[in-house]
Each structure stands twice: as C-alpha cells, then as structure tokens.
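Undergrad: okay, predicted coordinates and the sequence, questions at the end:
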Amino acid sequence: MRLQVAATALLALSACSRTTEGTPPVVERVLNPRTRFSDVARVCNAQGGQTGWRVEVQGKRFAPTPADVLSDTPVVDLPEVTLQGPTPYTLRRDQVFYVRPELLLLDLPTRDSSPPFELAPGRYGVEVTNPLGGTSTLGEAFTVVAPPKVTRVVPPPNGYVSGGLNPIVIEGQDFQPGSSPIIILRSEGLADQPLFNVSVVSETRIETEIPPGSSEGRYDVVLTQPDGCSAVVPGAVDVRYRPPLGALSIFPRAARAASNTRIRINNEPTGAQRAFTGVPEVFIFAPLKATPTVIRRIALRSVELRSATEVTAEVPVCSGTEPPTSDELCPHGMVLGGPYVLEVVDPSGAVGVVPEAEGFFVTFDASLTFASGSAQDTGTDLP
C-alpha cells in the first residue's frame, strides 16, 4: 500500500515538474464572436462591460496543467497569453478560459472595464505559452480600434419630406469603411426605428436615409459598430416636415387602357400649405400587367408647370414603366381598375397626395360618371 501511495505521489510530482518540456501549442486564429466571418478580427478598446470584450483563440494543443496536487487546494495552471503590439499586455489568470485543446477564450480589457486598461489602436499578435513549456505566436492576429464618435447629423438639403426618403449624413470619427453598422433612431414613447441603406463612405462619413412615414420629433442616434462598440448622441435628429402642398385634384379621373393619357393636376393651398414652386415629380401607385398583385410607384411623364396651382402630366396607362408603344394590347400597361393614388413632390420638398377617394381609374371606357368633380371627367377638353 505504501509503495502504491509513493508511486502515485511521484507521478504527480513528475507531472507538475517545470523541467518537463510539454508539446508546444499552435495559435491559428483570433476571432471576435460578433464578426465571425471577418478576415481579421476587430476589437474595440472601450466599453465591453466590467470584463471587457471576449474573443476566441483557435489553435491546437492548448494544455493546462494541474498544480499543487498534494495540497488541500489544488489548482490548474492555464496557458499564459500575451498580446504583442502597440501596448504589450499579459492577460491575468481570470482573463483566460480553457475550453478544449483547440480553443481558449480571452476577456480583453478596455478603458471602461474593471480594472481599466486601454490598448492603443493598431495590429496585435498573440503569444500562447503552455504551463509545461512550448510557445506559439501568431503575428497581426487582430486589430484594436477606437469606439466611433458622432459629431454631427446633416439633415436633407431641402428639409424633411413626409412622403419620401430623407437622405442624411452622419459625420464623426473612427467609422469603419466596408462594414455594416447598425443605426437606430430612438425617441421616448416610440418604437426604435432602424435605418437601412447605410453606406460607410469613409472613417468620418456615413450616408443613410430616414424611412418614409417616420413620426415628427427629436431622436437620439445610436450607432453600433460590428465589433460591439457604440456611440449615442441625444437629440441628434430633429424630424420636422415642410408644410404640404394644398388639396390636390385631377382631371380627367379616368382613361382607356389602350393609350397613355394626359391629365391636369390642380393645387388649392390654404394657410401654411404650399403652391407649386417648380416642375414637380408626379407618381401613381398602381399594379402593372406583368405583376398584377404588386403595387408599383410609377413616374408620370412630360410633367409641365402651367402655374403655381396647376401642372399637367402624362399617365403611362399603356406603356407603364417601358417606352411608349403602338401595341393596343399594352402588355406593359397598368391593370384595369382603381381608384389609384397619386403623389406629387414639389422641388421645395413639399408633398401632396391625391387620395384614393379622388384617385385615377383605368377602364375600357373612359366615359364614366364620378361622384366628385364634374359629371363626366373624361378629359376630352384638356388642352
């Protein structure tokens, strides 16, 4: 029995001996779990909570070793991990986690972690040393970046338009060209409004759009980089729509399906409503024969400004979004039916709508009687 105990102790001591050279590890890749498909991981040097940002080190033969096995409090020696770069740093034991021989987890400190430690931006290598010896280094394994900073949000040049897209420019520092940050507008009492069509033009400029129908009011901007760091700017966006156009009406309200038709659009502004200031853009919302279940926003053609309260335009009843055609079957034309809504966008940014109740019809016979307007809105007298 005594011989067996002695042999066991001897084996334990030899296992813990620092003179025994272990198999060297291999460091293959450092991965940020938030951006698994990036070629080179980016890690922010700020935020991240009390423990900082967690990253993965992938490789082979990471080997923790039992220590103090003959004491009342045996422990495990973990591989030692050192960052090599602008700010060299050896991670503490509580910042390294062994998962399996092919995976270590690291909690990288930031200026906001506890305790704080700020890594200077730049490329970093990772060195892993097993407790029994053997070291592996992967150069330029990841990049430390600064958190984004938003300095200004530039509104649309002509102000916000209630019925259309509103392009805005976000100016700041340390944006990441080629990445896809998440940008949210946040206002008390409203659901968060994500922004789409985000383009990171440079490290100092992002272009995006505020969607149609966004409620008026002041919004905080929350910009989150793929690496997890974010910037919050209270009240950076103030959506105030320009006064709309006046009450709009059209004449005629119907057209035969076999040909494009010219219509007159009248604008009757009152109070703060706007008259036309130039040639507007005019759209009709209708399905086309090629896709009869899909409502399309179709531009009217040959728009002319007659006065501050009147424009004329051609409804592409037969041609739809294609060039004009002599084919009376109008294969690309608008679907029979209605009433179809029209939208008018003035150069000033003011927008007006011809509502469905006053909308446009596509019919076999344009000689129809309508409840509103004249008895027969056929347009036969339109100059």
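TA: Right, received. Where do you want to start? Residues are numbered from 1 along each chain as shown.
Undergrad: got a pLDDT number for Thr20?
TA: Confidence at Thr20, expressed as pLDDT, is 50.
Undergrad: any idea how many residues pack against Gly52?
TA: Neighbourhood size, Gly52 [other Cβ atoms under 10 Å]: 25. (Glycine included, C-beta is placed from N, CA and C.)
Undergrad: and the gap between the nearest residue to Gln273 once chain neighbours are set aside and Pro347?
TA: Ranked by Cβ to Cβ, 6 or more residues apart in numbering and with sequence neighbours excluded, the top spatial neighbour of Gln273 is Gly246, at 4.3 Å. Remark: distance between Gly246 and Pro347 (Cβ to Cβ, to the nearest Å) = 16 Å.
Undergrad: hang on, the earlier thing: so what's the residue nearest to Gln273 up against?
TA: Asn267, Glu268, Pro269, Thr270, Gln273, Arg274, Ala275, Thr309, Gly352 (Cβ atoms under 8 Å, 6 or more residues apart in numbering).
Undergrad: try 10 Å this time
TA: 266-271, 273-276, 309, 350, 352 (Cβ atoms under 10 Å, 6 or more residues apart in numbering).
Undergrad: what's the answer for Pro167, then?
TA: Val154, Pro155, Pro156, Pro157, Asn197, Glu207, Thr208, Glu209, Ile210.
Undergrad: distance check, the closest residue in space to the second one that isn't next to it in sequence against Arg100.
TA: Excluding its sequence neighbours, the residue lying closest to Pro155 (Cβ to Cβ, 6+ apart) is Ile168, at 6.1 Å. Here the criterion is Cβ to Cβ. By it, Ile168 lies 47 Å from Arg100.
Undergrad: and for Lys149?
TA: As judged by Cβ to Cβ, Lys149 and Arg100 stand 39 Å apart.
Undergrad: the two - which one has more neighbours?
TA: Counting neighbours by other Cβ under 10 Å for Lys149 and for Arg100 shows that Lys149 has the greater number, 14 against 7.
Undergrad: the nearest residue to Gln95 once chain neighbours are set aside: what's it in contact with?
TA: Using Cβ to Cβ, 6+ apart and skipping residues adjacent in sequence, the residue nearest Gln95 is Asp107, 4.5 Å away. Residues near Asp107 by Cβ under 10 Å, 6+ apart: 48-55, 91-92, 94-97, 113.
Undergrad: can you list the neighbours in contact with the host helix or strand of Tyr98?
TA: Assigned by DSSP states H and E, Tyr98 belongs to strand 96-100. Strand 96-100 is contacted from outside by 54, 56-57, 62-64, 76, 78-81, 90, 103-107, 128, using Cβ under 10 Å, 6+ apart.
Undergrad: one more time with 7 Å, if that's ok
TA: Defining contact as Cβ atoms under 7 Å, 6 or more residues apart in numbering, one finds that strand 96-100 is touched by Phe62, Pro64, Leu78, Pro79, Val81, Leu104, Leu105, Leu106.
Undergrad: check the residues you listed for burial and list the buried ones.
TA: Phe62, Pro64, Leu78, Pro79, Val81, Leu104, Leu106 (16 or more other Cβ atoms under 10 Å).
Undergrad: need these in TSV with secondary structure, can you?
TA: Shown next, in TSV, are the buried ones among the contacts of strand 96-100 (DSSP: H, G, I helix; E, B strand; the rest coil):
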residue	secondary structure
Phe62	coil
Pro64	coil
Leu78	coil
Pro79	coil
Val81	strand
Leu104	strand
Leu106	strand
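Undergrad: from those, which is closest to Tyr219?
TA: Set against Tyr219, the nearest of the buried ones among the contacts of strand 96-100 by Cβ to Cβ is Leu106 (36.7 Å).
Undergrad: next, the closest residue to that closest one other than its chain neighbours: secondary structure please.
TA: Closest residue to Leu106 apart from its sequence neighbours, by Cβ to Cβ, 6+ apart: Val55 at 5.2 Å. For Val55, the assignment made with three-state DSSP gives strand.
Undergrad: returning to that earlier point: show me what the strand holding Tyr98 pairs with in its sheet, parallel or antiparallel.
TA: Strand 96-100 has the following strand partners under DSSP bridges: strand 103-108 (antiparallel).
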